[in-house]
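Novice: have a look; sequence and predicted model below, questions after that.
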Amino acid sequence: YQGEAYLPRQLQSLADQTVEPRELVVRDDGSTDRTLEILRAFAARARFPVTVLADGERLGYAQNFVTAARHCTGDLLFFGSPPPR
């Protein structure tokens, strides 16, 4: 939520990994900043599959992660979020 300040660096870190993720699933929780724009631009250029979920409904931190996890296809999941402000 409202990750504009942190997303570019966080996404670049994922792209720079020696072993790339098999997929990235991100669900925006109703941000009003440029979060979705940044995510969609990254998805368009990433070398691995990126799913951006954005249905607009605010779910809160925990339910947002649960909802994103339901869209993952892998056997192992890693969760991340920007540092607190």
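Specialist: Done, it's in.
Novice: got the buried residues for the lengthiest helix in the chain?
Specialist: The residue-count maximum for a helix in the chain (DSSP state H) belongs to helix 35-45. Buried residues in helix 35-45, defined by neighbour count with 16 or more other Cβ atoms under 10 Å: 35-36, 38-39, 42-43. Backbone N, C-alpha and C define where each C-beta goes, glycine included.
Novice: quick check: Ala68 is in a helix.
Specialist: Yes: judged by DSSP: H, G, I helix; E, B strand; the rest coil, Ala68 forms part of a helix.
Novice: for the residue nearest to it when sequence neighbours are not counted, give its distance to Ile38.
Specialist: Nearest non-adjacent residue to Ala68, counting by Cβ to Cβ, 6 or more residues apart in numbering: Arg27, 4.0 Å away. Look at Arg27 and Ile38: by Cβ to Cβ, to the nearest Å, they are 14 Å apart.
Novice: same deal with Thr32?
Specialist: 13 Å.
Novice: now do the longest helix of the chain: which elements does it pack against?
Specialist: Applying 3 or more Cβ pairs under 8 Å, 6 or more residues apart in numbering; DSSP states H and E, one finds that helix 35-45 contacts helix 7-15, strand 50-53.
Novice: what's the last one packed up against?
Specialist: Pointing back at strand 50-53 there. Partner elements for strand 50-53 (3+ Cβ pairs under 8 Å, 6+ apart): strand 24-27, helix 35-45.
Novice: coming back round to it: state the pair within the buried residues of helix 35-45 that is farthest apart.
Specialist: The distance between the two most remote of those (Cβ to Cβ) is 12.5 Å, for Thr35 and Ala43.
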